[in-house]
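> One predicted model, sequence on top.
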Amino acid sequence: MPTIRRGLAVLALAGASLALSTGPAHATAAWEPPPGYTLENSYFGGSVSGWCDRVGTEGAQKGQWTAYVCHDVMRRLADLYYIYGDLYVKR
């Protein structure tokens with residue numbers, strides 16, 4: 001019987017610590033591009049696909065913009081979320 005009580009006590013303490021550690025989510029500020037950058041395009045697959053960096057590098061080499069930043073973002077399409085790479089450029 002003491003083993004059962006000890007097991008119940010451990011479960012109760014574990015549940016209490018879980019309840020204490022899972023408070024409300026803290027709001028975080030939305031990501032914003034650096035000053036002077038504007039959204040050029042969005043590419044499916046985010047940084048995993050590499051499209052955003054390829055297009056950003058090519059545009060910088062061709063002189064279309066002076067610098068670029070790729071930022072991954074999750075977007076909902078129907079009932080699923082997909083990752084996209086947003087290309088922000090500085091002209």
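Received it, and whenever you're ready, just let me know what you need. Numbers count the residues shown, from 1 in each chain.
> element containing the most centrally placed residue in the chain, please.
For the chain, the residue nearest the mean C-alpha position is residue 73 (5.7 Å; C-alpha atoms, centre = their mean). Applying DSSP states H and E as the criterion places residue 73 in strand 67-77.
> ok, now residue 39?
Per DSSP H and E: strand 38-44 holds residue 39.
> Name the nearest residue to residue 52, sequence neighbours excluded.
If the residues on either side of it in the chain are set aside, residue 52 comes closest to residue 85, at 3.3 Å by C-beta to C-beta, 6 or more residues apart in numbering. C-betas here are computed from N, CA, C, even on glycine.
> Which other helices and strands does the host helix or strand of that neighbour contact?
Assigned by DSSP H and E, residue 85 belongs to strand 80-90. Under the contact criterion of 3 or more C-beta pairs under 8 Å, 6 or more residues apart in numbering; DSSP states H and E, strand 80-90 touches strand 38-44, helix 46-49, helix 51-62, strand 67-77.
> residues making contact with that strand?
33-34, 36-49, 51-53, 55-56, 59, 64-76 (C-beta atoms under 8 Å, 6 or more residues apart in numbering).
> which parts of it are buried?
Neighbour-count burial for strand 80-90 flags 84, 85, 86, 87, 88, 89, 90 (criterion: 16 or more other C-beta atoms under 10 Å).
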